[in-house]
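Peer 1: give me coordinates for this.
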Amino acid sequence: MTLQICIAQLNFVVGDMSGNARKIIDAARKAYGQGARLVLTPELAICGYAAEDLLLRPAFIDACDDALKTVARELAGLKGLHVVVGHPDGGGIQSRSVSVSKRFNRASVLCEGQVVASYAKQELPNYQVFDERRYFTPGSESCVFELSGVKMGLLICEDAWFERPAQKAKEAGAQLLLVLNASPFHVGKGLEREVQMGQRVQNCGLPLVYAHLVGGQDEVIFEGRSFALNAKADVVARAPAFQECMPTITVDSTAVEGQLNITGTMASGGGSWQEDLWHALVLGIRDYLGKNGFPGALLGLSGGIDSALVLALAVDALGADKIHAVMMPSQYTADISWIDSREMVKRLGVRYDEIAIAPLFEGFKLALADQFKGLAEDTTEENIQARVRGTLLMAMSNKTGAIVLTTGNKSEMATGYCTLYGDMAGGFAVIKDVVKTQVFQLAEWRNHNDPYGTGKNPIPERIITRPPSAELRADQKDQDSLPPYEVLDAIVQRYMENDEGIQALVADGFDQADVEKVTRLIKLNEYKRRQSPVGIRVTHRSFGKDWRYPITNRFRA
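Peer 2: Next up, the predicted model:
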C-alpha cells in the first residue's frame with residue numbers, strides 16, 4: 001500500500017489569516033484530486049512567519065483559531081484527507097477577553113473536520129533572527145498518528161536539529177518523521193539543512209519529509225527547497241527553490257527490511273552562490289513590494305556599480321514597467337557616469353529621468369553662507385549633495401506611491417561610508433547585506449546569465465571595471481577613505497559576522513591599522529544603521545535583527 005504526501009511549499013503573508021487559510025484549502029483540494037491523502041504545510045502557515053509581537057495580542061490568536069476552523073470545515077468532505085497545519089495556539093484558554101498566558105507553536109492534523117492529532121514545538125530557538133522564547137512555551141509531548149499503515153511523528157523546525165525530539169517520536173512508534181519548517185535563507189543554508197537532517201536520520205534511523213516555507217517577510221527570505229530523506233539519509237526528493245510548488249512524496253508502507261521506501265522528484269540542489277543570492281534578492285524585492293502594496297520602485301542611478309546592480313535586480317523582480325531610474329548629476333559627476341547610466345536604462349527599457357542638482361546644491365550653500373563663514377569645505381558639502389538627491393527621490397515617492405530602493409552595500413553600512421538622510425534615505429535596502437566584493441561578482445554573474453528573461457549583459461562593462469567613487473568631490477575614489485575592498489570585506493565578515501577578535505585577525509596577517517580602523521568604524525556608525533531602512537538578509541548575520549549592539553558604548557576590544 002502506498003501513501004502520497006503533498007508538501008505545500010507556499011508563500012504565506014503574515015497576518016493574512018483568511019488568505020493563508022484559502023491557500024491551504026485550495027492546495028489541499030488540488031492535492032486530494034491528484035491522489036494525495038496527506039498534505040504537509042510549513043511552520044506557522046496559518047499566520048505566516050515571523051509574526052513577532054502580533055503573537056502577543058489575544059485577538060491575533062483568536063483570528064488564527066478561526067482560520068484553522070475554516071480550513072477544517074471546508075475540507076471536511078474530503079474523505080480520508082489529513083492536512084497538517086502549522087499555527088499558533090493560545091494554550092486552551094477559552095475566553096477571548098483575557099490575555100493568553102501560554103502560547104504554543106503548534107502543528108495540528110486535520111481530518112474530516114476534526115483535529116485528530118496535535119503537536120507543540122519543543123525546541124524554541126533564541127539566536128540570530130529567532131526570538132521564539134519571547135512568544136511561545138515549549139511543548140513536551142510527542143505526536144504520532146497513523147495513515148495508510150504508516151505511523152508518522154511530527155516535529156517543527158528546530159526540533160529536528162536536536163536528537164531528543166526525534167528519538168521521543170521514534171519511541172512513541174513513529175516510522176517516518178514529518179518536519180514543518182520556516183528556516184530563513186542565507187547563502188549555503190540549503191545544503192546545511194540537508195546535511196543536518198541527514199545526521200538526524202542517521203541518529204534515529206527514521207526517514208524524514210521536510211516541508212519548508214517560501215517567500216520574503218521584511219528582511220528575511222525563505223527559499224523553499226523542501227526535501228525528503230530515506231532511512232539511509234539519502235536525499236530522494238527535492239522541491240525547487242525560490243518558488244511555490246506542491247511536490248508529491250510517495251511512501252511505500254510495505255516495509256523492506258524494516259525500512260519504508262520513499263521516492264519523489266528531484267529538483268536541483270542549487271547552483272552557484274551567486275545564483276542563489278540573485279534569486280533570494282529578487283524574491284525579497286518582489287515580496288516586500290507586493291505584500292505591502294507598492295505600485296513600483298524608483299532609485300537613484302549614479303553610473304556606479306551599486307545602483308546598477310540594484311536596478312538589474314529590480315527589473316528582474318518587478319519588470320521594467322514598474323521601475324523609474326533617476327540620474328541626479330552634480331558638477332563632480334564624470335561624463336562616463338552619464339554615458340553608462342543612459343546605456344544601462346536603454347538596455348533594460350526602464351523609465352529614466354535626469355535632474356541636475358547643482359542649482360539646488362548652490363542654493364543650500366548660499367543659505368548656509370553666514371553659518372559656514374570662515375570654515376573650509378569638507379564632508380559637510382559632500383553630504384548636502386547626497387541629501388539633495390535623497391530629498392528629490394523621497395518627493396517623487398510621496399507623489400507617486402513608488403518605494404525608493406536604496407543602493408548601499410554591507411561594506412558601506414559597516415563603515416558608515418554613506419550619508420544619513422542622503423543615499424540612506426528610502427524604503428528598502430536591497431543589497432544592505434551584500435559586501436562590495438560580492439556586488440562585483442553578482443554583476444559579473446548577471447551579465448552572463450538571464451534567469452528572468454530580461455536579457456543578458458544589463459550592466460555596461462565599464463560600470464563593473466571602473467574604480468568605485470561617490471563622486472561628491474573632485475577625483476574622489478572610495479579607496480581614498482577605506483582599505484581595499486578585499487581587505488575591508490574580509491575584516492567585516494570575520495569580525496562582524498563570525499565574532500572573531502581583533503588579535504586573531506592580526507595574527508592571520510591583516511594589518512593592525514586596517515583592522516583597528518574598520519572595527520572602530522563599525523562601532524562608531526551604529527547610530528546610522530539604526531536609522532537605515534530594512535533590507536534583505538542573505539548572510540547568517542546581518543545588520544538588523546542579528547546585530548544588537550548599543551549606540552552608547554565605551555567598550556574597546
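Peer 1: state the mean pLDDT of stretch 493-502.
Peer 2: When pLDDT is averaged over stretch 493-502, the result is 96.
Peer 1: report the buried residues of that stretch.
Peer 2: 493-497, 502 (16 or more other Cβ atoms under 10 Å). From N, CA and C alone the C-beta is placed, and that goes for glycine too.
Peer 1: got the contact list for that stretch?
Peer 2: Outside stretch 493-502, the residues that touch it by Cβ atoms under 8 Å, 6 or more residues apart in numbering are 414, 435, 504-505, 515-516, 518-519, 522, 539-541, 543, 547, 557.
Peer 1: need phi/psi at the closest residue in space to L44 that isn't next to it in sequence.
Peer 2: Leaving aside its chain neighbours, L44 sits nearest to G86 (4.7 Å; criterion: Cβ to Cβ, 6 or more residues apart in numbering). Phi and psi for G86, reported as degrees, to the nearest 10, are phi -80, psi 130.
Peer 1: what of P184?
Peer 2: Main-chain torsions, P184, degrees, to the nearest 10: phi -60, psi 150.
Peer 1: which residue sits closest to it in space, ignoring its chain neighbours?
Peer 2: V220 (4.2 Å).
Peer 1: tell me who's in contact with that neighbour.
Peer 2: Counting by Cβ under 8 Å, 6+ apart, V220 makes contact with 50, 129, 184-185, 537.
Peer 1: next step: the contacts of stretch 493-502 restricted to helices.
Peer 2: Among these, the ones falling in helices (DSSP state H) are 414, 504-505, 515-516, 518-519, 522.
Peer 1: now, of the residues you listed, which are buried?
Peer 2: 414, 505, 515-516, 518-519, 522.
Peer 1: want to throw those into JSON lines with pLDDT?
Peer 2: Shown next, in JSON lines, are those (pLDDT from 0 to 100):
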{"residue": "A414", "pLDDT": "97"}
{"residue": "L505", "pLDDT": "96"}
{"residue": "V515", "pLDDT": "96"}
{"residue": "E516", "pLDDT": "95"}
{"residue": "V518", "pLDDT": "96"}
{"residue": "T519", "pLDDT": "96"}
{"residue": "I522", "pLDDT": "96"}
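Peer 1: looking at those residues, which one is closest to T465?
Peer 2: Closest to T465 out of those is A414 (24.0 Å), distances taken as Cβ to Cβ.
Peer 1: burial check on the nearest residue in space to that closest one that is not next to it in sequence, number of neighbours?
Peer 2: Using Cβ to Cβ, 6+ apart and skipping the chain neighbours, the partner closest in space to A414 is V492 (4.7 Å). For V492, the neighbour count with other Cβ atoms under 10 Å is 22.
Peer 1: tell me the secondary structure at V492.
Peer 2: In three-state terms, and counting by DSSP: H, G, I helix; E, B strand; the rest coil, V492 is helix.
Peer 1: hmm, I522 and it touching each other?
Peer 2: Yes - using Cβ atoms under 8 Å, V492 makes contact with I522 at a distance of 7.4 Å.
Peer 1: list residues touching both of the two?
Peer 2: Joint contacts of V492 and I522 (Cβ under 8 Å, 6+ apart) are 414-415.
Peer 1: avg pLDDT for stretch 436-454?
Peer 2: 97.
Peer 1: I would like the residues contacting that stretch, please.
Peer 2: Residues from elsewhere that reach stretch 436-454 (Cβ under 8 Å, 6+ apart): 272, 274-275, 277-279, 282, 305-306, 308-309, 312, 315-317, 320, 348, 409-412, 431, 434, 456-459, 461, 463-464, 468, 485-486, 488-489.
Peer 1: how far away is T539 from L277?
Peer 2: Remark: distance between T539 and L277 (Cβ to Cβ, to the nearest Å) = 10 Å.
Peer 1: what is in contact with the two at once?
Peer 2: By Cβ under 8 Å, 6+ apart, the residues touching both T539 and L277 are V187.
Peer 1: for D16, give me its contacts.
Peer 2: G48.
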